[in-house]
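[1] pasting the structure only:
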């Protein structure tokens with residue numbers, strides 16, 4: 001039962017990260033070819049999750065685990081998709097940091113699925129945990145960069161207001 005709670009909290013965390021990046025995602029501002037590429041990649045990944053969900057649903061007895069697998073996989077696909085779209089739109093250090101964190105979480109989760117559903121290998125467990133820890137480090141780095149950016153913008157606004165008062 002603890003594994004179910006762990007997966008639920010992981011899912012909530014990924015959904016919160018998606019919520020952070022959705023406002024910055026401007027699909028309509030991207031080039032048509034890039035939009036088409038992103039949508040094709042998204043649809044292919046969604047199809048793979050759908051097929052894998054069907055296979056696991058037929059094999060696994062516990063539907064809660066299978067449903068959590070599908071929802072968590074889709075949230076990771078959306079997270080990486082949105083992070084990639086934001087990176088293509090802005091191309092900053094901050095967005096590449098977030099994209100790398102999303103990809104670290106995705107690969108960590110894939111290794112977790114391989115260990116849980118197919119073959120258990122301690123090297124995969126170790127690599128998955130290292131990737132997850134690296135993703136956490138990148139998210140912390142992203143948040144520090146975001147806070148510095150907000151502070152600089154506030155300072156700039158205060159300076160502009162004080163200059164307009166004396167003018």
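    Looks like it came in fine. Just so you know, these numbers come straight off a predicted model, no measurement behind them.
[2] what's the nearest residue to residue 106 if we skip its chain neighbours?
    What sits nearest to residue 106 in space, not counting adjacent residues and going by Cβ to Cβ, 6 or more residues apart in numbering, is residue 76, at 4.8 Å. Using the backbone N, CA and C atoms, a C-beta is placed for each residue, glycine as well.
[3] quick one: what helix or strand has the one you found in it?
    Element membership for residue 76, per DSSP states H and E: helix 63-90.
[4] Let me see the ranges of the helices in the protein.
    Under the criterion DSSP state H, helices of the chain are mapped to 2-21, 32-59, 63-90, 93-113, 122-166.
[5] Switch those helices over to a markdown table; also include mean neighbour count.
    As requested, the helices of the chain are exported to a markdown table (neighbours: other Cβ atoms under 10 Å):
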| stretch | mean neighbour count |
| --- | --- |
| helix 2-21 | 15 |
| helix 32-59 | 13 |
| helix 63-90 | 20 |
| helix 93-113 | 20 |
| helix 122-166 | 13 |
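[6] Packing partners of the helix holding residue 76?
    On a contact count with 3 or more Cβ pairs under 8 Å, 6 or more residues apart in numbering; DSSP states H and E, helix 63-90 meets helix 2-21, helix 32-59, helix 93-113.
[7] now the last one against helix 32-59, angle please.
    What it means is helix 93-113. 20 degrees (axes from the mean of the first three to the mean of the last three Cα atoms, to 10 degrees).
[8] report the angle between the axes of helix 93-113 and helix 2-21?
    Using the same axes, to 10 degrees: helix 93-113 against helix 2-21 is 160 degrees.
[9] can you give me the angle helix 93-113 makes with helix 63-90?
    If you take the same axes, to 10 degrees, helix 93-113 sits at 160 degrees to helix 63-90.
[10] The first one now?
    Between helix 2-21 and helix 63-90, the angle comes out at 20 degrees (the same axes, to 10 degrees).
[11] next one: the longest one
    Per the same axes, to 10 degrees, the angle that helix 32-59 makes with helix 63-90 is 170 degrees.
[12] ok now do the nearest residue to residue 139 once chain neighbours are set aside, which residues does it touch?
    Distances taken as Cβ to Cβ, 6+ apart place residue 101 nearest to residue 139, at 4.9 Å, with adjacent residues excluded. By Cβ atoms under 8 Å, 6 or more residues apart in numbering, the residues touching residue 101 are 17, 83, 135, 136, 138, 139, 142.
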